[in-house]
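Q: I would like to see how this sequence folds:
(one chain, ligands or ions: 1)
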Amino acid sequence: MLKGLVLKNRSYRRFYQEVSIELETLRELVDLARLSASAMNLQPLKYVLSCESQKNALIFSHLGWAGYLKDWPGPVEGERPSAYIIVLGDTEISRSFGCDHGIAAQSILLGATERGLGGCMIATVKRQELSQALGIAPRYEILLVIALGKPKETVVIDKVDPNGDAKYWRDSQGVHHVPKRALGGIIIG
Ligand SMILES: Cc1cc2nc3c(=O)[nH]c(=O)nc-3n(C[C@H](O)[C@H](O)[C@H](O)COP(=O)(O)O)c2cc1C
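A: Numbers count the residues shown, from 1 in each chain. Now for the predicted structure:
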């Protein structure tokens, strides 16, 4: 069951923008992150939630999408995320956040997948500008933005080809391909 959820939990970047996500759903997803592992149990992560169009548009304009898809600047209006969860590090709790935000983001995305939603972790963020635009206090560092919505694209997992190229790509039908390395190639001892 968990493997099924992990397989379905791909990075989605095109959505049915008209399908809205309730604030309560975002709160439930953050609750999954709250209950996840944290180094030294410091729990330094804080969150900003967005599920209304003006705030979504503001966040969207600060994000970088799918760096390997050189001809694709990101989702068009109508296919943009319906919601965002911005993961912040509270520097008054800790100066370094290790992998806490990755763990939190995975919990959030697995929860979203279980609910028939999908999303993408985004680290390509104009952090300073976004902080300013949202009026986020300087003590909070933007670590990741998680885009969320009802996926409008098909994503398939491929095997990494013999020359080892793991770059994702999109075919002529618009299907997004994500090559994954073989199990035998990643267990080295
Ligand atoms: C830490 C992290 C940062 C990422 N940043 C971005 C990003 O800035 N923009 C983007 O479009 N995708 C981003 N991604 C999504 C990856 O491109 C994606 O995970 C990868 O292509 C594998 O696809 P999969 O998630 O479906 O397995 C990020 C993923 C991770 C884990």
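Q: which residues of the chain lie near the ligand?
A: 10-11, 13, 64-66, 120-124, 155, 168, 178 (C-beta under 6 Å from any ligand atom). Using the backbone N, CA and C atoms, a C-beta is placed for each residue, glycine as well.
Q: now those in JSON lines, please, with extra columns for secondary structure, distance to Ser50 and neighbour count.
A: As requested, the residues of the chain next to the ligand are exported to JSON lines (DSSP: H, G, I helix; E, B strand; the rest coil; distance: C-beta to C-beta, whole Å; neighbours: other C-beta atoms under 10 Å):
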{"residue": "Arg10", "secondary structure": "coil", "distance to Ser50": "22", "neighbour count": "21"}
{"residue": "Ser11", "secondary structure": "strand", "distance to Ser50": "19", "neighbour count": "17"}
{"residue": "Arg13", "secondary structure": "coil", "distance to Ser50": "17", "neighbour count": "26"}
{"residue": "Gly64", "secondary structure": "coil", "distance to Ser50": "18", "neighbour count": "12"}
{"residue": "Trp65", "secondary structure": "coil", "distance to Ser50": "17", "neighbour count": "16"}
{"residue": "Ala66", "secondary structure": "coil", "distance to Ser50": "21", "neighbour count": "19"}
{"residue": "Cys120", "secondary structure": "strand", "distance to Ser50": "15", "neighbour count": "23"}
{"residue": "Met121", "secondary structure": "strand", "distance to Ser50": "16", "neighbour count": "17"}
{"residue": "Ile122", "secondary structure": "strand", "distance to Ser50": "13", "neighbour count": "23"}
{"residue": "Ala123", "secondary structure": "coil", "distance to Ser50": "17", "neighbour count": "14"}
{"residue": "Thr124", "secondary structure": "coil", "distance to Ser50": "18", "neighbour count": "12"}
{"residue": "Val155", "secondary structure": "strand", "distance to Ser50": "24", "neighbour count": "19"}
{"residue": "Tyr168", "secondary structure": "coil", "distance to Ser50": "26", "neighbour count": "16"}
{"residue": "Val178", "secondary structure": "strand", "distance to Ser50": "26", "neighbour count": "15"}
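Q: mind checking what secondary structure Ala137 has?
A: coil (DSSP: H, G, I helix; E, B strand; the rest coil).
Q: that one - how many residues pack around it?
A: 11 (other C-beta atoms under 10 Å).
Q: now for this protein, the helix or strand with the poorest mean pLDDT.
A: Lowest by mean pLDDT, DSSP states H and E among the helices and strands of the chain is helix 183-186, with a mean of 93.
Q: which parts of the protein are helices?
A: According to DSSP state H, the chain carries its helices in the segments 2-8, 23-34, 53-60, 100-114, 127-134, 183-186.
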